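Q: Just the structure for this:
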Amino acid sequence: MQASASLRIPLAFPSLAEELAELSARLGESGWSCGAAGPDWTPAGALMTPGSALLEAWLEHEGSHYPDTDLKTRCSFLLGRYAWYLALPLAGLLLLGGRLPGFGPAQLALKMEEYQWRHEGQEGTARRLLLRFAAGYPADAGEETERRLQHGIETHMAPLVSLLHRRCGLPERGLWCLVADSVALAFLHAGQQLGCEERARALALAVLKEPDSPLYNRKTGFVDIVLPDPDHPGREPARRSFRTRAGCCRFYTTQGGRYCTTCVREHPENRDRRLRELVRAQLAAD
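A: Sure thing, here's the model as predicted:
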């Protein structure tokens with residue numbers, strides 16, 4: 001029997017460019033692209049190079065947000081922010097289509113961009129990092145995507161963790177905790193925006209909870225805050241999910257700074273109390 005024509009037609013998967021465009025639209029982001037990088041782009045490996053223009057400019061920028069931001073805090077801000085920029089499109093692509101592009105330092109180009117923001121009647125100028133992937137999806141990864149993501153993040157971030165450790169003296173273990181926290185937050189945000197939060201959280205934990213991985217720690221994870229409505233006992237309670245932290249960004253050391261709501265230095269009971277207050281304020285504003 002001759003096979004039907006429909007069975008001989010290969011499945012047409014979306015290209016990386018198509019999935020990045022869809023992901024950008026659904027997550028409200030505009031900083032991702034793919035293809036050859038022009039001269040105004042910088043290879044990601046430059047960020048891991050001591051004394052590079054990109055590294056020094058970024059560290060200087062991280063010191064401009066708050067008065068008296070010391071070197072350790074600037075390094076913490078940079079590392080956590082870069083890990084977020086890297087992990088968000090990767091988490092989104094994994095959730096959207098189950099595939100990952102190559103994202104080694106030689107396969108990724110970076111560019112800082114100033115942009116105008118507007119929010120709740122306020123506006124200003126800020127900087128964001130644009131990412132350009134060099135190639136599309138590999139034909140055969142030879143490894144399940146969760147492990148590819150875990151090993152890829154470890155390989156990509158290890159030189160930067162080592163460089164910042166030598167630069168500012170913060171322990172490598174604590175710096176890896178900042179990376180893990182950003183990866184968890186990226187998965188949570190992407191999952192919430194794509195309508196698959198439960199799957200996103202499960203994938204994040206699969207990536208972060210391998211005991212032999214530098215990404216592993218006991219504290220990075222997620223917490224659910226549930227607020228019943230005392231005036232309507234039968235109504236579905238309000239529920240919000242948050243990322244729990246293992247690393248400290250050191251915001252509390254800046255002038256006028258404080259512990260973040262999910263700061264690892266906060267006792268879990270106090271953290272959850274502050275999160276409940278935050279959820280109540282969000283509900284009141286809706």
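
Q: just the helices in the stretch 101-250 of the chain please.
A: Under the criterion DSSP state H, counting those that start in this stretch, the stretch 101-250 of the chain carries helices at the ranges 145-168, 172-194, 197-208.

Q: Please spell out which residues along the last one are buried.
A: Meaning helix 197-208. Neighbour counts over helix 197-208 (16 or more other Cβ atoms under 10 Å) mark 197, 200-201, 203-208 as buried. Where you see a C-beta, it was placed from the backbone N, CA and C, and this is true even at glycine.

Q: do the same with the longest one
A: Applying a neighbour-count criterion of 16+ other Cβ under 10 Å, one finds 145-146, 148-150, 152-154, 156-157, 160-161, 163-165, 167-168 buried in helix 145-168.

Q: Kindly present the buried residues of helix 197-208 as TSV, with separate columns for pLDDT and distance to R274.
A: Listed next are the buried residues of helix 197-208 as TSV, based on pLDDT from 0 to 100; distance: Cβ to Cβ, whole Å:
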residue	pLDDT	distance to R274
E197	98	21
A200	98	24
R201	98	21
L203	97	27
A204	98	23
L205	98	24
A206	96	29
V207	97	27
L208	98	24
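
Q: would you turn those into TSV with distance to P237?
A: Shown next, in TSV, are the buried residues of helix 197-208 (distance: Cβ to Cβ, whole Å):
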residue	distance to P237
E197	16
A200	22
R201	19
L203	26
A204	24
L205	24
A206	28
V207	30
L208	28
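
Q: tell me which of these is nearest to P43?
A: For these, the closest approach to P43 (Cβ to Cβ) belongs to V207, at 24.8 Å.

Q: ok so, going back, adding distance to R280, write the helices of the stretch 101-250 of the chain out as TSV.
A: Formatted as TSV, the helices of the stretch 101-250 of the chain follow (distance: least, Cβ to Cβ, whole Å):
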stretch	distance to R280
helix 145-168	35
helix 172-194	19
helix 197-208	21
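
Q: Which one of those lies nearest to A87?
A: Nearest of the helices of the stretch 101-250 of the chain (Cβ to Cβ): helix 172-194, 3.7 Å.

Q: for that closest one, packing partners?
A: For helix 172-194, the elements it packs on are helix 16-27, helix 71-97, helix 145-168, helix 197-208, strand 221-227, strand 238-244, judged by 3 or more Cβ pairs under 8 Å, 6 or more residues apart in numbering; DSSP states H and E.

Q: Redo the ones you listed as JSON lines? Include distance to L54.
A: JSON lines is the format used below for the helices and strands packed on helix 172-194 (distance: least, Cβ to Cβ, whole Å):
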{"stretch": "helix 16-27", "distance to L54": "22"}
{"stretch": "helix 71-97", "distance to L54": "11"}
{"stretch": "helix 145-168", "distance to L54": "11"}
{"stretch": "helix 197-208", "distance to L54": "26"}
{"stretch": "strand 221-227", "distance to L54": "32"}
{"stretch": "strand 238-244", "distance to L54": "27"}
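
Q: Any idea which of the ones you listed gets closest to A135?
A: Ranking the helices and strands packed on helix 172-194 by their distance to A135 (criterion: Cβ to Cβ) puts helix 16-27 first, at 7.8 Å.
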